[in-house]
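1. have a look at this fold, sequence not included:
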């Protein structure tokens, strides 16, 4: 079983930056894609970004493209989400996901999820 642990969330003013980390452990993934999703109060969970672990291809939601950067450290089994120029609408619980079992990085089914971490952007 894959375990995912997120860290790095918190409170930041609009225009500020945060970096989220997702450390993975456990069995080998059946797929090399890891992603970040978020869920704001009263809204459905939405895709934020994803990365192909082995070749480094990245995917972004339109709302974060140009502001967020996803990267990975293979040696540490860790994926990062650098979030710059944060806006109040980025406020949400952010979840790390791994082990894409079907579909594509944006809307597929991930088998492993982290516990979520709060990001709050004040105006």
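-> Great, that's in hand. Since we're looking at a predicted model, the values are computed, not measured.
2. from now on I want contacts and neighbour counts done on CA atoms only, so please keep to that.
-> OK.
3. so which residues of this protein form strands?
-> Listed in chain order, the strands of the chain (DSSP state E) span 2-7, 10-13, 18-26, 33-39, 46-52, 58-60, 68-73, 78-83, 92-102, 109-113, 117-122.
4. okay, these, which one's buried deepest?
-> Each of the strands of the chain was scored by mean neighbour count; the highest is strand 33-39, a mean of 24, by mean count of other CA atoms under 10 Å.
5. got a list of contacts for it?
-> Strand 33-39 is contacted by residues 45-53, 79, 81, 92-100, 105 when judged by CA atoms under 8 Å, 6 or more residues apart in numbering.
6. still on that earlier bit, need the strands of the chain in a markdown table with mean pLDDT, can you?
-> Listed next are these as a markdown table, based on pLDDT from 0 to 100:
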| stretch | mean pLDDT |
| --- | --- |
| strand 2-7 | 92 |
| strand 10-13 | 98 |
| strand 18-26 | 93 |
| strand 33-39 | 95 |
| strand 46-52 | 96 |
| strand 58-60 | 97 |
| strand 68-73 | 95 |
| strand 78-83 | 96 |
| strand 92-102 | 92 |
| strand 109-113 | 91 |
| strand 117-122 | 98 |
